[in-house]
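Asks: Predicted model and sequence follow; I will ask about them next.
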Amino acid sequence: MRGMEVIDTGAPLGVPVGGATLGRIFNVLGEPVDNLGPVDSSAMFPIHRSAPAFIELDTKLSIFETGIKVVDLLAPYRRGGKIGLFGGAGVGKTVLIVELINNIAKAHGGVSVFDGVGERTREGNDLYMEMKESRVINEKNIEESKVAPVYGQMNEPPGARMRVGLTALTMAEYFRDVNKQDVLLFIGNVFRFVQAVYVPADDLTNPAPATTFAHLDATIVLSRGLASKGIYPAVDPLDSTSTMLQPRIVGNEHYETAQRVKETLQRYKELQDIIAILGLDELSEEGR
């Protein structure tokens, strides 16, 4: 506002970090916006920090088990890698995210940070309600919560939406580097800054999702057809891919099983197309 006084703090923007952030909702400044009072955190980290040196990076190829069978078999995640969730509106991205948050907490003793970049207020509120219903945010005992949501919503200034990713990243880095915990960092979404990508009209060739594929270790494509049949998570086993699905990484048995599953599903899809066009009577004996 014109005429306002500006004070130079001499320091970068700092946000609260650590276990006290779990179960609370923050904005880009690290301020709680859930009307539950101040955050009891003595630790503050600046959002602008040097990246780890290359020599410190873990180059080991290891699988991160999600506990979701279709993902672990056909499109396994890389520990420390980048994963993209692709799907249009209403096909179950949020359901899959909540499931992953639950599983990393139960199986790995880890935590999650969800970063909503440019989210609609309705989307952010719906996700918060789902997190409470699934108990990944425990209002009665906030210390048992498993996720820290950070929002820079669509109605906020561009500067807030641009830097909210750094706020969430700072919180996640503290859990990784100081607490030595496994962390899942969700950023939704890449078209507005990358993990849950809104696909316009379910078109994966649209520039928004297409330019993202090259940067990812695994891509999970959610199918509207499967969602309409009530199959959740609606993961499309033929379109979903992973660079980790190699015999030298997952082993020969896992790799061969995954390939046989994909071959069977591909044949099933081909037969469905034949039936839809020509009818069941045109199938060969082998196809039946």
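Replies: Cool, the structure landed.
Asks: alpha carbons only for contacts and neighbour counts from here, please
Replies: Fine.
Asks: now the strands for the stretch 51-200 of the chain?
Replies: 63-64, 77-78, 83-87, 111-117, 147-152, 183-188, 196-198 (DSSP state E, counting those that start in this stretch).
Asks: Same list, these, but as CSV with mean pLDDT, distance to residue 26 and mean neighbour count please.
Replies: Output for the strands of the stretch 51-200 of the chain, formatted as CSV (pLDDT from 0 to 100; distance: least, C-alpha to C-alpha, whole Å; neighbours: other C-alpha atoms under 10 Å):
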stretch, mean pLDDT, distance to residue 26, mean neighbour count
strand 63-64, 91, 28, 16
strand 77-78, 94, 28, 24
strand 83-87, 87, 23, 25
strand 111-117, 91, 10, 27
strand 147-152, 92, 5, 27
strand 183-188, 88, 14, 23
strand 196-198, 52, 20, 23
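Asks: how about those strands in TSV, adding distance to residue 257?
Replies: Compiled in TSV, the strands of the stretch 51-200 of the chain are given as follows (distance: least, C-alpha to C-alpha, whole Å):
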stretch	distance to residue 257
strand 63-64	17
strand 77-78	17
strand 83-87	22
strand 111-117	31
strand 147-152	34
strand 183-188	28
strand 196-198	28
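Asks: hey, what's the residue nearest to the spatial centre of the chain bridged with?
Replies: By C-alpha atoms, centre = their mean, the chain has its centre lying nearest to residue 186, at 4.0 Å. Beta-bridge pairing for residue 186 (DSSP bridges): residue 114.
Asks: can you tell me which residues contact residue 142?
Replies: Residues near residue 142 by C-alpha atoms under 8 Å, 6 or more residues apart in numbering: 22, 23.
Asks: now it: how far from residue 184?
Replies: Taking C-alpha to C-alpha, to the nearest Å as the measure, residue 142 falls 19 Å from residue 184.
Asks: Just the buried residues of stretch 255-270, please?
Replies: For stretch 255-270, burial by neighbour count (16 or more other C-alpha atoms under 10 Å) applies to 255, 258, 262.
Asks: swap in stretch 57-76?
Replies: Those would be 63, 64, 65, 66, 70, 71, 72, 73, 74, 75, 76, for stretch 57-76 by 16+ other C-alpha under 10 Å.
Asks: can you give me how far that stretch is from the chain middle?
Replies: 14 Å (C-alpha atoms, centre = their mean, to the nearest Å).
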